[in-house]
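S.K.: Need a 3D model of the sequence below.
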Amino acid sequence: MRPVARSYLYVPGDRADLIGKAPGRGADALVLDLEDAVTPAHKEQARRTVADALADVTDPGQRWVRINSDQVEADVAVLSAAAAGVWVPKAEPELLHEVDRALGAAERRLGLAERTFGVVALVETARGVLTVAQVAAAPRVLRLGLGEADLAGELGLQPGPDRAEFAPIRSQVVVASAAVGIVAPVGPVETALRDPQLLERTTGILLRQGFRARTAIHPGQLATINAAFTPTAAEVAAARAVLDAWERAGREGSGVATDAAGRLLDRAVVRTATEVVSRGERSAGRPAGADHRDGEQ
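M.R.: Numbers count the residues shown, from 1 in each chain. A predicted model of the protein is given here:
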């Protein structure tokens, strides 16, 4: 299995110059955007630009396309075999079934295997929150994301810098992901581009809340995001020590495992340690943009 993406860089779909530069900017994956980053007058131009960019792909980097929720068929038509799949804004169960049908038609047109294209479903509406368990379990959904700007507008929230107001919704997204066994969700963008300390702090909060990736709207945000979702060498070493102690207790048949400080270990602690080691291994030696479609499985 290839590494799971920690960072996704949104790239405006009508900017061929930015799309061309994006693979070398340090993102684990790119999201070529046909939605919010493109004005209505430029939608058709953006489709042509994204289709051309996907047709010219020669590197193994992961590329997604964020489609418009009301223009599914037209947007899905830009996909080629180089695409990992689509990001679906305002994701709700009915929309995701429509996307599934459109992606199936695209796969047949391109001669690709069934379910080649995946979906990242963005929870951005009140109904999306209420049906998040169905959204997570919908066809092709490999990961959930959270669009807090849209939610704030719909719910009348006035978030503070750390966005504590979204904590209950974030928890629902994390729980829904874990319940159906998909990859831990993607956190929302940080729009304060000139405040790296805020980006570092809010990304750390997302990590502690159960997220394992975040979207970026500027390449300057990527190093901070990647670092936040990559365990340090000390964290990996401590986690390995926990696993070693657990394995040793099993071999010796003592039935009791303790860490170096004498604290009792149980399966929950071991599971957490396993996740830390796994993230460390996935990140080790990872080149920018290294993971492809199977990295999200």
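
S.K.: what stretches of this protein score poorly on pLDDT?
M.R.: 1-3, 253-255, 284-297 (pLDDT under 70).

S.K.: any idea how far residue 264 is from the residue most central in space within the chain?
M.R.: Of all residues in the chain, the one closest to the mean position by Cα atoms, centre = their mean is residue 186, 3.8 Å from it. Distance, residue 186 to residue 264, using Cβ to Cβ, to the nearest Å: 35 Å. Heads up, the C-betas are built off the backbone N, CA and C, glycines and all.

S.K.: How about residue 14, nearest residue that isn't a chain neighbour?
M.R.: Closest residue in space to residue 14, ignoring its immediate chain neighbours: residue 46 at 3.9 Å, by Cβ to Cβ, 6 or more residues apart in numbering.

S.K.: can you confirm the one you found is in a strand?
M.R.: No: counting by DSSP: H, G, I helix; E, B strand; the rest coil, residue 46 is not found in a strand; it is helix.

S.K.: what's near enough to touch it?
M.R.: Residues counted as contacts of residue 46 (Cβ atoms under 8 Å, 6 or more residues apart in numbering) are 12, 13, 14, 34, 38.

S.K.: One more: residue 279?
M.R.: Contacts of residue 279 by Cβ under 8 Å, 6+ apart are 212, 229, 230, 231.

S.K.: Longest helix of this structure, counting residues only.
M.R.: helix 233-252 (DSSP state H).

S.K.: Quick check, residue 260 in contact with residue 241.
M.R.: Yes: counting by Cβ atoms under 8 Å, residue 260 sits close enough to residue 241 to count as a contact (6.2 Å).

S.K.: picking up where we left off before, now the contacts of residue 46 in a markdown table, with neighbour count?
M.R.: Shown next, in a markdown table, are the contacts of residue 46 (neighbours: other Cβ atoms under 10 Å):
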| residue | neighbour count |
| --- | --- |
| 12 | 21 |
| 13 | 30 |
| 14 | 23 |
| 34 | 27 |
| 38 | 22 |
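
S.K.: all helices for the protein, in order.
M.R.: 16-21, 43-55, 72-76, 93-110, 126-130, 132-137, 148-155, 167-180, 196-209, 222-228, 233-252, 267-283.

S.K.: looking at the ones you listed, which is closest to residue 27?
M.R.: helix 222-228 (5.4 Å; Cβ to Cβ).

S.K.: Could you give me the buried positions within the closest one?
M.R.: 222, 224, 225, 226, 228 (16 or more other Cβ atoms under 10 Å).
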